[in-house]
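>>> One predicted model, sequence on top.
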Amino acid sequence: MNENRGPWYLLTGLVLGLLLSVAIAWLFRPPEFVDTKVAPSALRGDFKDQYRAMIALAYLADGDLVRAQARLDLLGDEDVYRVLAEQAQRAQAAGQSEAHALGMLASAINPDAGGAPSDLPVSSPTPFATIVYTPTLIIPGQP
Amino acid sequence: MRWFLFLVFITLGVAMGLIYGWIINPAQYTDTSPEMLKMDYQSDYVLMVAEAYQVDQDVDRAAQRLAFLAAPDLILRVKEAIAFAQEIGYHPADVTLMNNLLVGLEAGLATGGVP
C-alpha cells in the first residue's frame, strides 16, 4: 500500500460509516429505542377528520373555544377554518350528525366569515368501516 | 496500521450517523392510525367523547366514537385514560365526566347495549 496517499482514506472510512448508519437509523429503527407514539398531526387524513369531528362535538358540549382551538392546533392544519368548513360541508352532504358541530366550531373560529364558503369542493367522506391502517415512513430530507 | 485506522474511522462514522439518524433528525411517521397516538392524546380523545356523552347520554354513540381508538377493550381503555388523567392532573370536573362515561359504558355493557 502506498504510504504517501495521505489521510484521505480515513475520511473515506468516516463517510462510509456515516452513510451506512444513517441508512440503518432511518430504515431500521429499534422500537425499544425510539418512541413510535405520535401526535394527532401524524394521523392519516380520514382519521384526522374523525378527530376533528370529535373536537367539534366536544366544543358543542362544553362551549370552550380556547380548548377547542388548542386541540385543533394538534392536527397541524394550515388553515383551520377552511378545513373545518370543508369538512362541515362534506358531513352535511353525507347527512352526518357532526356537520352542525363542525359548522358551529368553524363559525366560532372565524366569526367574520358568515358561514362556510360556498366555493368549497364537496366530496364523499370515507366511511369509518373501510379504515385500513397503513402508516408511511417519512425519511427526513427525502421529497 | 492503516487498515486499523480505516476501521476505526468507519466505526466513528457509524456512531455519528446513528446519533444523527436516531436522535438529532429521526425519521417521522405520518398517515398513522389512532392506536399509535400518545397516551395523553388518547386520554384527551376519551375526554372529548365524555363531554359529548354528557350532553346526549347516548352510550352506543359514545362506544362508536371510542372505537376510533381501536382498543380491544373500550372500558379498559377508558379506565386507563382516567388513571392517566388523574396522574397528570386533569381538572376534577373533566375526570368526573370521564368517570360518568365509564359508568355509562359499564351500564350499557351490563344490558348488552355496548359492543
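Okay, I see it.

>>> Count the residues that sit near the nearest residue to A:Val80 once chain neighbours are set aside.
Leaving out its chain neighbours, the residue that sits closest to A:Val80 by CB to CB, 6 or more residues apart in numbering or on different chains is A:Leu72, at 5.2 Å. (Each C-beta comes from the backbone N, C-alpha and C, glycine too.) By the criterion of other CB atoms under 10 Å in any protein chain shown, A:Leu72 has 22 neighbours.

>>> helices or strands next to the helix or strand where A:Gln50 lies in the packing?
Per DSSP states H and E, A:Gln50 falls inside helix A:45-62. Where contact means 3 or more CB pairs under 8 Å, 6 or more residues apart in numbering or on different chains; DSSP states H and E, helix A:45-62 is packed against helix A:65-73, helix A:80-93, helix A:98-109, helix B:39-56.

>>> how about JSON lines for the ones you listed, with distance to B:Ile75 and mean pLDDT added?
Formatted as JSON lines, the helices and strands packed on helix A:45-62 follow (distance: least, CB to CB, whole Å; pLDDT from 0 to 100):
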{"stretch": "helix A:65-73", "distance to B:Ile75": "24", "mean pLDDT": "95"}
{"stretch": "helix A:80-93", "distance to B:Ile75": "28", "mean pLDDT": "94"}
{"stretch": "helix A:98-109", "distance to B:Ile75": "24", "mean pLDDT": "93"}
{"stretch": "helix B:39-56", "distance to B:Ile75": "11", "mean pLDDT": "95"}
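
>>> For burial, what's the neighbour tally of residue 102?
Just so you know, I chose chain A. Close neighbours of A:Leu102, defined as other CB under 10 Å, add up to 29.

>>> Chain B was what I was after
18.

>>> Can you tell me the element it falls in?
Using DSSP H and E, B:Leu102 sits in helix B:92-110.

>>> which residues touch that helix?
Contact partners of helix B:92-110, identified using CB atoms under 8 Å, 6 or more residues apart in numbering or on different chains, comprise B:46-47, B:49-51, B:53-54, B:57, B:59-60, B:62-63, B:66, B:74-75, B:78-79, B:81-82, B:85-86, B:90, B:114.
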